[in-house]
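A.B. asks: Quick one, fold the following:
(one chain, ligands or ions: 2)
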Amino acid sequence: MCLPDGNVQTLSSPDGNLEMTFSLYEDGTPTYALRYKETEVVATSVLGYELRGRASAKSPQTYMKVVYDTLDFHSGFSVKDVQRSSFDSTWEPVWGEESQIRNHYNELALTLEKDGIDMVLRFRLFDDGLGFRYEFPQQTNLRYFTVLDEMTEFRMTGDHKAWWLAGDYDTQEYNYGESRLSQVRELLPETLVDGASQHVVAPTAVQTSLQMKTDGGLYVNIHEAALVDYPAMTLILNDEYFSFKADLTPDAVGFRGRLCAPCTSPWRTVMVVDDARKVLASRLILNLNEPCALEDVSWIRPVKYMGVWWEMITGMTAYACGGNKGHGAESGNVRRYIDFAAEHGFDAVLVEGWNEGWRDWFGKQKDEVFDFVTPSPDFDIEGLNEYAHSKGIRLMMHHETSSSVVNYERCIDDAFELMKKYGYDAVKTGYVGNIIPYGEHHFGQFMVNHYNRVLKKAARHKIMVNGHEAVHPTGLCRTWPHLICNESALGMEFRSKMQPHHVTILPFTRLQGGPMDFTPGIFEMDMSRLRPSSRQQIHSTLCKQLALYVTQASPLQMAGDLPENYLKHMNAFQFIKDVALDWQRSVYLAAEPGDYVVTARQAKGSGDWFIGGVTDENAREMTVSLDFLEPDRKYTAKIYADAPDADGAGNTYETGSESCSKYVITEMKVTSRTKLKLRMAPSGGFAISIK
Ligand code: NOJ
Ligand code: CA
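C.D. replies: Ligands and ions are numbered 1, 2, ... in the order given. From the prediction side, this is the model:
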């Protein structure tokens, strides 16, 4: 039972379709609920915390009272103040899926009070979803405090279909489960993939962004935005009632956050839309982040790059110098990549294994592995940078931290200075293995603060950052646009372990928080051609690999494969050379999570259009209407399509089979009235450039 009057507040979205209700129970428990038109989407759900706190020294009595006790901060509240406002403005991202983003919401801010301590609950309701967060204003009765538990619930109203990742405090590198909520428990173990640092949260825990679909056809997505100075959230599912509870990543001694007022939690988000394409078009997460914090953004640029990388990932050469395999980063080999990248119009070449430390690290938890400034003796750092610059290429720095974060922070100033000395302007960071300090997790507050500290330092040096194995992105690239990419999901490096439906889910989930360094563009799917002992095959057609440059927008895109594999398919490689990295406009033509995604995007500057389509293990026919083109204009379209006998799903796989790589390229004149009929092979796709 709720208390009457001021204790029940409603808030509508600007278009009136969504309605949020805040209510305070008789015992002072704050709750919220969310409806879409006539449908209940989030049933009444509890808000609040269990804290352990202490007041400032100015009020010793309160200090005594709370310092030793757990503070129930989820009941016993009264509403002290209610504020309402509206916001509508348009902003321009430095890069992204379109050149202008509208930020339009209605806001309700409630100040709740308990035992002389204030907490603000701020709700923002957009046409495509809800954001809310907790705020602890500056006050005498609360200063430093610890979070024992965040009580936030998301009570679903049925056994929805869901696309989920197993909840883990250290990795997102798992396959997606695709099931009813009631099946998560049973299927979760099958989705796990071996990795260097893993900590599964619970038998029914799932990560955000979590995509769901109701039987009534609503797409519901739960995530968080603007994760700063706070642990990342996973969700624990109660699979009897289909309700989720927030679970914050604990620190080394088990606390779930150490806060100091004034402070805020990240935004908790619930997107609700009636069409899957609207999930892809939603900018809810970006809009809930702070505007760009950088005054000068002229040094931030999109990067198309190759890497001395796939040959190590596939085991052809080694990261370390001096072993029994060739060393990938050896100067002559690096020059070969620079030549190829320069000839084909790339911006950068990543070189991994360039530094000392790789020989005695993998699998061991060592504190001091890398110093980030000592090149391997066969890597001529000065000569290679000069050579690259003379050809219009930048080398991309690699900082594998070995997850010894204390060591990286000790070395980082010297590391960035070395980069500036030789002209590097982008770094790929990595966090393989368990975190040092021991007991911390990749997604805990300590690490969240570390990733953000690296961003701030990098900004001072005008260095762009591509973070691997970091926490799930929450839209911080709006505030820090030099965070041009993250990994934070299973990418192409997992080769045959990746399932055909993976890339039909990523745009709904992982990519909601920011772009992914997915490293597409693998042309040779048969790994036995790279290493005869391998029996692995990647489950994708070549055209599906091309399509990913469009369906997974990112200002940083790699052509992941080896130069020699591109040389075999120069006609298809042309698409990777042509495709843009930064977009004026995006049109989501067709989408269903777990099944297919078809996206068209118009390049900033040239105005050229690119279309990508991907499917899961099922072949599909798609009719693509080009009605987004300007009327009364003629364009030339180049279509890269799976050949009729192509198969990316491994149905016809045997060593030496070419079925993944079969494609047909056609050119034709098109207008806004053209409708293209396209067939995608099992785990196939298509790519189109329109000039
Ligand atoms: C994992 C990264 O995802 C991969 O790209 C990198 O090559 C290795 N770590 C080594 O740092
Ligand atoms: Ca499917």
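
A.B. asks: low-scoring stretches of this structure, by residue?
C.D. replies: Applying pLDDT under 70 to the chain picks out residues 1-5, 54-69, 652-656.

A.B. asks: now for the helix ranked longest in it, which elements pack on it?
C.D. replies: Secondary structure assigned by DSSP state H gives helix 405-422 as the longest helix of the chain. Under the contact criterion of 3 or more Cβ pairs under 8 Å, 6 or more residues apart in numbering; DSSP states H and E, helix 405-422 touches helix 381-390, strand 394-400, helix 445-460. (Glycine included, C-beta is placed from N, CA and C.)

A.B. asks: can you redo the ones you listed as TSV with distance to ligand 1 and mean neighbour count?
C.D. replies: Shown next, in TSV, are those (distance: least, Cβ to the nearest ligand atom, whole Å; neighbours: other Cβ atoms under 10 Å):
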stretch	distance to ligand 1	mean neighbour count
helix 381-390	18	16
strand 394-400	4	25
helix 445-460	15	19
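
A.B. asks: Tell me which of those sits nearest to residue 159.
C.D. replies: Among the helices and strands packed on helix 405-422, helix 445-460 comes nearest to residue 159, with 32.7 Å by Cβ to Cβ.

A.B. asks: The helix or strand just after the closest one: partners in the sheet, and parallel or antiparallel?
C.D. replies: Note on helix 445-460: by DSSP states H and E, the next helix or strand toward the C-terminus is strand 464-467. Counting by DSSP bridges, the strands paired with strand 464-467 are strand 426-430 (parallel), strand 483-486 (parallel).

A.B. asks: quick one: strand 464-467 near ligand 1?
C.D. replies: No: applying Cβ under 6 Å from any ligand atom, one finds strand 464-467 separated from ligand 1 by no less than 9.8 Å.

A.B. asks: so how far is that strand from its chain's centroid?
C.D. replies: Here the centre of strand 464-467 is set off from its chain's centre by 13 Å, with Cα atoms, centre = their mean, to the nearest Å.

A.B. asks: then that strand to PDB, C-alphas only?
C.D. replies: Provided in PDB are the C-alpha atoms of strand 464-467 (Å, rounded to 0.1, in the frame of the first residue of the first chain):
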ATOM      1  CA  MET A 464      43.100   8.400 -28.700                       C
ATOM      2  CA  VAL A 465      42.200   5.200 -26.700                       C
ATOM      3  CA  ASN A 466      40.900   1.800 -27.700                       C
ATOM      4  CA  GLY A 467      40.400  -0.200 -24.500                       C
END
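
A.B. asks: for that strand, which positions count as buried?
C.D. replies: 464-467 (16 or more other Cβ atoms under 10 Å).

A.B. asks: For the closest residue to ligand 2 within the stretch 51-200 of the chain, pull up the helix or strand it's in.
C.D. replies: Nearest residue of the stretch 51-200 of the chain to ligand 2, counting by Cβ to the ion: residue 178, 6.4 Å away. Residue 178 belongs to strand 177-180 when assigned by DSSP H and E.

A.B. asks: What parts of the stretch 101-250 of the chain come near ligand 1?
C.D. replies: Taking Cβ under 6 Å from any ligand atom, no part of the stretch 101-250 of the chain reaches ligand 1.

A.B. asks: Surely residue 243 is in contact with residue 157?
C.D. replies: No: counting by Cβ atoms under 8 Å, residue 243 does not reach residue 157; the two are 9.6 Å apart.

A.B. asks: Identify the contacts common to the two.
C.D. replies: Listed contacts common to residue 243 and residue 157 are residue 43; contacts here mean Cβ atoms under 8 Å, 6 or more residues apart in numbering.

A.B. asks: Helices along the chain, start to end?
C.D. replies: With DSSP H as the criterion, the chain has helices at 60-67, 184-191, 276-281, 284-287, 310-313, 331-343, 381-390, 405-422, 445-460, 502-505, 542-551, 563-567, 570-578.

A.B. asks: Relative to ligand 2, which of the ones you listed is closest?
C.D. replies: Of all these, helix 502-505 sits nearest to ligand 2, with 7.0 Å by Cβ to the ion.

A.B. asks: For that closest one, enumerate the helices and strands it packs against.
C.D. replies: helix 542-551, strand 596-603, strand 609-615.
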